[in-house]
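**Q** what's the 3D shape of this:
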Amino acid sequence: MRVLFRLLVVLVVLSALGYYPLVVHSPTPEGPPFVLDIEKIRQLSRSLPGPVPYQIRVEQVADWVFAEAMVMSGEPWRRSVMTGYAYQLVRPGNAIIVDTAMANMEGLPEPIAGGFDEAAYQRVSEAMDKAGLIVITHEHFDHIAGLLEHPNLSQLLPAVKLTKEQLSNPDAMKPAELPAEVFDDYQPLVYDQLFALAPGVVLIKSPGHSLGSQMVYVRLYDGREVLLLGDVAWKNMNIEAVRERPLFMTALIKENRQQVINQFQALHDLAKQAPEVKQIPGHDADVVNGLIEAGFLTPGFK
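**A** Numbering: from 1, shown residues only. Sure, this is the predicted structure:
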């Protein structure tokens, strides 16, 4: 009996010791910092001639449920809704699509919270047919599957600007599949640190969450500024607290925790330095709904 009791105590202690590094601990920013020079980004956004976007429209395509403990280390195991979005930068002539959300792909588990909005997905798909540019914040399926599953993908390629890092990481796209024959002669976008995509729009290379992660800075015609973070941060709570996702999650998605926590620190500092730049994490409905109410975002693609 004493041996069994001692074994039970050892198992409890080992479980507790494992819980802290796997669920509670977050790395701290260290090493070379992630550079986010907002003045340089602003200057680059003015480097190309032509009209800048005058409106940012958003489609909410899917909802699913995580626990807060999965979103940020050390949080309780209470319900946390994750929302999948696509964005349309409206400008004279043709629009720019940022992220294409997930497709309602066969075999995926049914999202628990709000499910899949087929009408929103179809609006995103139709908008891609008319878009001048299509970019993806990163290559995970809930951001890229709408593009890869598009019935006219080969016709979209002149507008599609996948980066070299995104295209070279097809495993991260699963369960979406990269149709190799379509991309056989495709020339991916290659750049270092910053890239002026279009007047008022700058790509910011930010690997860590995935090899091909990038943020998208948008300056509207009236001077308002938005920074689409993709999944550098799932929710604003990560940036406010400068706390990473838990180790068990980052191990599953093969995330570089040090790179990401350094990006959180840079975004945290930017929020203090330039609060007028509205940061939009990848899956934060509170932030998106608040920006809709404030007029920074407009619901529904056109």
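**Q** what's around E118, how many residues?
**A** As a burial measure, E118 scores 10 neighbours (other Cβ atoms under 10 Å). Every C-beta, even on glycine, is put in place using the N, C-alpha and C of the backbone.
**Q** tell me the phi and psi of it?
**A** phi -60, psi -40 (degrees, to the nearest 10).
**Q** quick one: the helices in the stretch 101-250 of the chain?
**A** Here the stretch 101-250 of the chain has its helices, by DSSP state H, counting those that start in this stretch, at 118-130, 141-148, 153-156, 164-167, 236-241, 247-252.
**Q** Flag the shaky bits of the protein, pLDDT-wise.
**A** 1-17, 105-114 (pLDDT under 70).
**Q** sorry, back to before: hey, which of the helices of the stretch 101-250 of the chain is tucked in deepest?
**A** Mean neighbour count (mean count of other Cβ atoms under 10 Å) peaks for helix 141-148 among the helices of the stretch 101-250 of the chain, with a mean of 24.
**Q** What lies in contact with that helix?
**A** Residues from elsewhere that reach helix 141-148, judged by Cβ atoms under 8 Å, 6 or more residues apart in numbering: 61-62, 84, 86, 99-103, 105, 121, 124-125, 128, 134, 136-138, 153, 156, 160, 166, 173-179, 230-231, 282.
**Q** The residue minimising distance to the centre of the chain and E255, how far apart?
**A** In the chain, the C-alpha nearest the mean C-alpha coordinate belongs to G230, at 1.8 Å (Cα atoms, centre = their mean). Counting by Cβ to Cβ, to the nearest Å, the separation of G230 from E255 is 13 Å.
**Q** Give me the buried entries from the contacts of helix 141-148.
**A** Those of the contacts of helix 141-148 that meet the buried threshold are 61-62, 84, 86, 99-103, 121, 124-125, 128, 134, 136-138, 156, 160, 166, 173, 176, 178, 230-231, 282, by 16 or more other Cβ atoms under 10 Å.
**Q** thinking again about what came up before, anything in contact with each of G230 and E255?
**A** H209.
**Q** Tell me the bridge partners for E59.
**A** Taking DSSP bridges as the rule, E59 bridges to A86.
**Q** list the buried ones in stretch 183-200?
**A** F183, L189, L194, F195, A196, L197, A198, P199, G200.
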